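[1] Sequence plus predicted model, see below.
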Amino acid sequence: MLERQHRVFPATAWWIGMLLIVLCAGALRYTGMTFSLPYIDHVDEASYNIAARMVIDSGSAMPIGMHGYPPGIVAVNQIFIRLFHDAATPPGTILPLVRFVSVTFSVGCVIAIGLLAFRVVSPLAGWIAAGAWTIAPVIVEHSRYGTADNFVTFFALMALFLTLSGTRFDRNELINGGLLAVILAILFKYQAIFILPLVLAIPLYRLLDHTIPRARVIRTTGTHLVILALFAVWLVLLFPALEATRSPDWTAATERLGFPTLDELIANGRVTLNALAPDWVWWVDWIGIALFLLRPLRKQIDALALAAVALAALAWLVGISFYGSLGTQQFRQFIALGAFLEVLRAVGLAGWALAIVLVVARGMTPARRTWVALASAAFVGLGTLLLTFSDVTGSIANAQEHTLPDRRNDLAAYFDGTLEGGRVIATTENHKTFNRSWGGYAGRDVFPLEAITSVEMQPLDEWRAAGVRYAIVPYYTLELMQTAARTGEAIENRVTTNLVTTITPDLLDSLLLLKTYPPSPDHRGPNMAVFSLQPMSQTFDGTIGTIGVVGYDLDGLDNGAIAPGASLDLRLYWRADAPTAGDYAVFNHLVGADGTLIAQADGDPLPGGRGTSAWDDPDETLISRDFALTIPDDAPPGDYTLQSGFYRRDDGERLTTADGADHLVIADVRID
């Protein structure tokens, strides 16, 4: 396992070990694969999905600027939409299938990175590289998205492995496979074009071997150049690749495009290195690679393959750095670079294992030397595992966290089942929660996003004048509101790094808190609070069954009186201590002193149809649908009472108050 093997593919024993690594990789990646759905967590997932739907419907994704985007991931979405999409649902309903394929390619990357490390130095290096890639938390985190990153990384790794293998063993079918792999990589992400020169140049190394006919090598290269020329014509002229920057979430605007500076290269390189291992670990690895300069170890490494991997890493780094310093939030642009660096890291560790054998086994018999080699491999392998144990625990925690329900789905279900449609302001975490296409919202009502902002950014009257009905704020903002109200002092709220707002003591009382989603170990997604920008006009204190009436709005009265033929508009506010046993309808009756029913408005309590058996949050304030009670034209003048209560439709049973009444008197009304 330590010695370089002169064969195209590893032996059976290596594949058995790789199978165990792949099973671990699959467990970490497939677990939580459908996280967040039906809410679409990553904006790119939605973009690819909508682009695929547009291509099917109209032949082009030009309306959203995706017509020039690398077509690979859009085509994957397109296949599943054609085969499995129900047109009555958002296109994002097929995302579980897209993610499954993407995760499968992520698992495939584990095999590909192992093969490439094997090609460079030894089977042990292949295991180390595959194992490290399997448990790297940042890689596990990015593995579950239905984006292009897993695909392009797999094809880039395989392009290099196949090209190097075909060159070393003079097998044109492998070299052709390498060319096909790099073309597929480019179709998923244009940055892969930076390793294309390597895939073209490496096979020319065979010209140095006089046993290989030069004419065949040159003919193969010429054929590849023709294929690439035709591919380039299609990509640039027929498929509008040059218009890719019109897409809604392109990595960087073209105005940032420029030859990278040394500082930008270093910054982007450090983003990748720091995400995979601490600095001291990389220094150990670099020293391990340097050990191959020792004469006894030189023949244990494929210098061409090592140079190719190093140049591929450099090419990818330079390619992505044309857009400047991207930072950790754009780490997915660095994943292929990270894979090449992980191969180099494994090569360095294999160098240490070989160096141990060189020192310890000097002068030993071949049999003892074999045992020392096995012990050295075990020592390096177990040492690597112990040093990366935090990666193991971190990736397991990541997998478990992705099995938790996303609160944005809870929020969407709450809005759709509880609230009347209306405009919303929210911070970034909920900027697409109610977007049917980009967020996967499939509800019946509409909640347009007015602005991505915080509620205190401008006076409430201005929000109300703009038609805004609801505000979704981070939970910590609610806590700041409560503190300001309690202390009577204004508090700064750091909305973003560059934006600081002021929360005044009266803000909390100027809003109506509807529902909170406090921190919870049983959920993922943002902690938040939901407000109505319209507080109830009248408070009330009454309980019927488990349901408390805490306020109401009553329009249509003039000094407590209403004329025949006019209408009373009633909205009730409830808070339930516990769900009811079965769903109850609400009745609102205008009754005379003798019990005569003059007007009524009955029906489901909430506009979204959420039944009282689901009123399970005692801290939640529920706003009723609007009820209109029309006064008959011949209604006798006099004093009346507006009564409200709950009844079951199946048997007429009513909820009762503590003193046995089957209704609450909400207000007195006089008909003139």
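    That came through fine. Numbers count the residues shown, from 1 in each chain.
[2] Going by C-alpha atoms from here, please, whenever you check contacts or count neighbours.
    OK.
[3] and the residue lying closest to Glu401 once chain neighbours are set aside, bridged to which residues?
    Nearest residue to Glu401, sequence neighbours excluded (Cα to Cα, 6 or more residues apart in numbering): Arg524, at 7.0 Å. Taking DSSP bridges as the rule, Arg524 bridges to Asp406.
[4] Would you confirm that Arg524 contacts Gln400?
    No - counting by Cα atoms under 8 Å, Arg524 does not reach Gln400; the two are 10.5 Å apart.
[5] more neighbours, those two?
    Between Arg524 and Gln400, counting by other Cα atoms under 10 Å, Arg524 is the more crowded of the two (18 against 13).
[6] Distance check, that one against Thr328.
    Distance from Arg524 to Thr328, counting by Cα to Cα, to the nearest Å: 21 Å.
[7] same deal with Val392?
    From Val392 to Thr328 the distance is 21 Å (Cα to Cα).
[8] got the domain boundaries for this structure?
    Domain assignment for the chain by automatic domain parsing gives 12-248+260-400, 413-532, 538-671.
[9] follow-up on the earlier one: residues in contact with the residue nearest to Glu401?
    401-402, 404-407 (Cα atoms under 8 Å, 6 or more residues apart in numbering).
[10] rerun that using 7 Å as the cut-off
    401, 404-407 (Cα atoms under 7 Å, 6 or more residues apart in numbering).
[11] Identify, from those residues, the entry nearest to Val236.
    The shortest approach to Val236 among the contacts of Arg524 belongs to Asp406, at 40.7 Å (Cα to Cα).
[12] So the closest one sits against Pro521, correct?
    No - checked against Cα atoms under 7 Å, the pair Asp406 and Pro521 is beyond contact range at 11.6 Å.
[13] Which one of these two is surrounded by more residues?
    Neighbour totals were compared for Asp406 and Pro521, and Asp406 leads with 21 against 7 (other Cα under 10 Å).
[14] Show me the shaky parts of this protein.
    Along the chain, segments meeting pLDDT under 70 span 1-5, 241-258, 329, 361, 363, 365, 367-373, 497.
[15] so who does the closest residue in space to Pro203 that isn't next to it in sequence touch?
    Spatial nearest neighbour of Pro203, excluding adjacent residues (Cα to Cα, 6+ apart): Thr167 at 5.1 Å. By Cα under 7 Å, 6+ apart, the residues touching Thr167 are 175, 202-203, 206.
[16] Then Pro505?
    Going by Cα under 7 Å, 6+ apart, Pro505 touches 484-485, 488-490.
[17] go again using 8 Å as the cut-off
    Pro505 makes contact with 481, 484-490, according to Cα under 8 Å, 6+ apart.
[18] Just the closest of those to Trp14, please.
    Met481 (60.3 Å).
[19] In this structure the closest one contacts Leu511, no?
    No - the pair Met481 / Leu511 is not scored as a contact, 10.6 Å apart, by Cα under 8 Å.
[20] outside of the helix or strand where Gly288 lies, which residues touch it?
    Element membership for Gly288, per DSSP states H and E: helix 279-290. For helix 279-290, the external contacting residues (Cα under 8 Å, 6+ apart) are 273, 344-352.
[21] Beyond that helix, next helix or strand please.
    Moving toward the C-terminus from helix 279-290, the next helix or strand (DSSP H and E) is helix 303-321.
[22] Which positions in that next one come out as buried?
    305-306, 308-310, 312-321 (16 or more other Cα atoms under 10 Å).
[23] what packs against that helix?
    Applying 3 or more Cα pairs under 8 Å, 6 or more residues apart in numbering; DSSP states H and E, one finds that helix 303-321 contacts helix 95-120, helix 149-168, helix 196-201, helix 262-276, helix 335-360.
[24] The same query, at a cut-off of 6 Å, please.
    helix 335-360 (3 or more Cα pairs under 6 Å, 6 or more residues apart in numbering; DSSP states H and E).
[25] Settle this for me: Ala185 is touching Phe155, isn't it.
    Yes - with contacts counted by Cα atoms under 6 Å, Ala185 reaches Phe155, the gap being 5.1 Å.
[26] The two - which one has more neighbours?
    Neighbours of Ala185 and Phe155, each counted by other Cα under 10 Å, are more numerous for Ala185; the result is 30 against 27.
[27] give me the element the more buried one is part of.
    helix 172-188.
[28] tell me what that helix is packed against?
    Using 3+ Cα pairs under 6 Å, 6+ apart, helix 172-188 sits against helix 71-84, helix 149-168.
[29] Recalculate using a threshold of 7 Å.
    helix 71-84, helix 149-168, helix 196-201 (3 or more Cα pairs under 7 Å, 6 or more residues apart in numbering; DSSP states H and E).
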